[in-house]
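>>> following is a predicted model, sequence given first.
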Amino acid sequence: MDDREWMYTGRSSQSSLTDEWIEKTDAFLELAFAKVKGASITWCSCSICANMRRQTKEVMGKHLCKNGFTTHYTRWIYHGEADRVREEVVRQRIEDYDDDARVGDMLNDYHEAHFDEGCREEDPEATAKTYYRMLSAAQQPLHGHTKVSQLDAIACLMDVKSQFSWSREAFNVILTVFGSLFLDGHILPKSMYEAQKLLRALKMPYEQIHACLKGCILFRKEHAEAKYCVKCESSRFLEVDSGDGQKR
């Protein structure tokens, strides 16, 4: 993904536009309208319309000069980059959290209905647009000085929580500590409840899976009922003496 800091640093006011901002905004407009297959309008990315209203190319250009780009719109999912978003982030999350790829099917359906609609003038279904907007928000950087997204941060922390069997209380404390170290305006969830709520909304359930202590396998799918690692034969569970000479 190209560095798109210019979208916000190149325009300090309506009358103060850098040459880079003008040149790259023109290129953005060309890309945006090349993707609508002859339609005269598309989603306007100014801070007022915020990809909620359609405008002509001329009006959209004026809006961008007057209002600037809507915040955090560095992944142009409404203007030709939906496929890239899905390939970079969504698919890897689906593989990790959803064996049936139901999220992928939903995104495919929405992509076809919204981004490949050609000359259609009607808005997408409200629930579909809300879902995709939520997905876009989850991929925004945690704060202005990192490229780590909210979704990636949650996934990483959930993975560590599972690995070391943190309690809910411990996880909440970790989030509080991290949050206090970040700049004001960060979007790291404040609690495990908020993190799980986001994952559930994106149909990415958080599931704890047993793993071999030596890292050989995960006890899932064909190994879901196994009590010993099929590679190193390590016990899945802590074995204790039952008092009669046997282990349990």
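Good, I have the coordinates. Because the structure is a prediction, the values reported are computed rather than measured.
>>> what's the spacing between the residue positioned nearest the centre of the chain and W21?
The residue lying closest to the centre of the chain (Cα atoms, centre = their mean) is Q139, at 3.3 Å. Distance of Q139 to W21, computed by Cβ to Cβ, to the nearest Å: 23 Å. In this view, the C-beta of every residue, glycine as well, is placed from N, C-alpha and C.
>>> and for K66?
13 Å.
>>> now swap in T74 and tell me
14 Å.
>>> now F237
Counting by Cβ to Cβ - F237 and W21 are separated by 61 Å.
>>> over to I187?
For I187 relative to W21 (Cβ to Cβ), the value is 26 Å.
>>> more neighbours: which of these two?
Each of I187 and W21 has its neighbours counted (other Cβ atoms under 10 Å); W21 has more, 21 against 16.
>>> okay, H72: pLDDT?
pLDDT for H72: 80.
>>> same thing with V230?
90.
>>> just V148 next, same as before
For V148, the predicted pLDDT is 78.
>>> residue numbering should commence at 282 henceforth.
All set: I'll call the first residue 282, so the last point we hit is now V429.
>>> so what's it up against?
By Cβ atoms under 8 Å, 6 or more residues apart in numbering, the contact list for V429 reads 422-423.
>>> measure it to W324 for me?
27 Å.
>>> what of K343?
On the measure of Cβ to Cβ, K343 and W324 end up 15 Å apart.
>>> give me the more crowded residue out of those two.
Neighbour count, other Cβ under 10 Å: between K343 and W324, W324 has more, with 20 against 15.
>>> so that one touches Y359, yeah?
Yes. Contact criterion Cβ atoms under 8 Å: W324 and Y359 qualify, at 4.4 Å.
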